Every structure is written in structure tokens, then in C-alpha cells.
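>>> Give me the fold of what follows.
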Amino acid sequence: SYILGLVSRPDLSLDPSSAGHWDLNNLCIVAALRTRSSSEENEFLRGFTNANLAWVALKSQHEKVGPIAQILLIQQALAVKYLHSERLSTTSTNLSELVRHIYAIGIPKEEDFLTIMMLNAMANDLPHIRNHIVDALATSTSSNPYGPSNICSRLDVEQQL
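The predicted structure is shown next:
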């Protein structure tokens, strides 16, 4: 409930004991968030002392990165090939780790999956367009998304050239 902002800090002047307990609980939750975070997340959380604000910021950070990171991971997984010259079990382990990371982000939305498939289909004959689209995806946001309709428009322009 601290992390969701459901428990307000008691007024220090009215109830100093409860305010002290709230501060201690809140800091313990922030510390727990940091101990269960990656080094990048830990650095991101460094300045936060309020559990709710830390959680909201961390969640927002992951939501922004999620689809783009997932697209890149799926593309990476699609590029993996079994080779006789390499240990097959190593390739299987690498695929397993990639898939685990992909699903840790969440189940891909239909639009995101279509974007991935479109990018994958461009890999051989249209790498210059693919690179342009990957750059556009990297700078897209939830308020200014870049998806299949943008890709179709870009492909239409390419077709006319």
C-alpha cells in the first residue's frame, strides 16, 4: 500500500511516532526496490526516497522501454541459427534466455508483433529502410508512436521510387 500511495504519511506535528514508523517503512520499501533491481534501475532509483514516487517512475520507465526493447529482443531471437560449428546446447540456452527476457516484458501486443514481422521481412532486401524504421522506433514514445501504419507509409514511398 506504500508503493501504491495508499498510505499517507501522518502529520509529524500531530503524531511523531506514527510519522517515524511511516518514514522507516517507506525507506525499507525503497531499499527493497533497489535490492531487487538491475544496476541500471538501481542508478535510476538512487535519488528517490518516497516508495510511491519511485514505483511510479520505475513503472513509467519500463513502459516506455518495453515495446522497443521487446521488438529488438524478438528480432535478435529470430536471427539466431543453429550451426554445426557451435555447440547446439549453447544456441538453445541463448534462445531460452532471449525468450525469457521477451516474456518478462510482457506478451507482445498484436501491433508490436506485426512491427517485428515487418522488420524481419525487410532484413534481406530492404536493410536501409529497416535501419531507418529501427531508428524511428527507438525515438518513438507512447504519445508519438511509430507502428505498422508508419511502416506501410514508408514502404509505399520506397515502392514509388
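>>> Just the residues contacting whichever helix or strand residue 129 is part of, thanks.
In the assignment (DSSP states H and E), residue 129 maps to helix 127-139. The set of residues that contact helix 127-139 without belonging to it, under Cβ atoms under 8 Å, 6 or more residues apart in numbering, is 68, 71, 115, 119, 122, 123, 146, 150, 151, 154, 155, 158. For every residue, glycine as well, the C-beta is placed using N, CA and C.
>>> same thing with stretch 30-46?
Contacts with stretch 30-46, where a contact means Cβ under 8 Å, 6+ apart, come from 3, 48, 49, 50, 51, 54, 55, 57, 58, 61.
>>> try stretch 82-98
Under the criterion Cβ under 8 Å, 6+ apart, residues 73, 76, 77, 80, 81 lie in contact with stretch 82-98.
>>> Please repeat the previous calculation with a cut-off of 10 Å.
Contacts with stretch 82-98, where a contact means Cβ atoms under 10 Å, 6 or more residues apart in numbering, come from 73, 74, 76, 77, 78, 79, 80, 81.
>>> Please look at the third one and residue 102 and confirm they touch.
Yes: shown here, residue 76 and residue 102 form a contact pair, counting by Cβ atoms under 10 Å, at 9.2 Å.
>>> out of the contacts of stretch 82-98, which is most surrounded?
Among the contacts of stretch 82-98, the one with the most neighbours (other Cβ atoms under 10 Å) is residue 74, at 23 neighbours.
>>> Name the helix or strand for that one, please.
Take DSSP H and E as the rule and residue 74 turns out to sit in helix 51-79.
>>> can you check residue 159 too?
Assigned by DSSP H and E, residue 159 falls in helix 148-160.
>>> Dihedrals phi and psi, the spatially most distant residue from the centre of the chain?
Relative to the centre of the chain, the most outlying C-alpha is that of residue 14, 42.3 Å out, by Cα atoms, centre = their mean. When quoted as degrees, to the nearest 10, the phi and psi of residue 14 stand at phi -90, psi -30.
>>> Many thanks, we can stop here.
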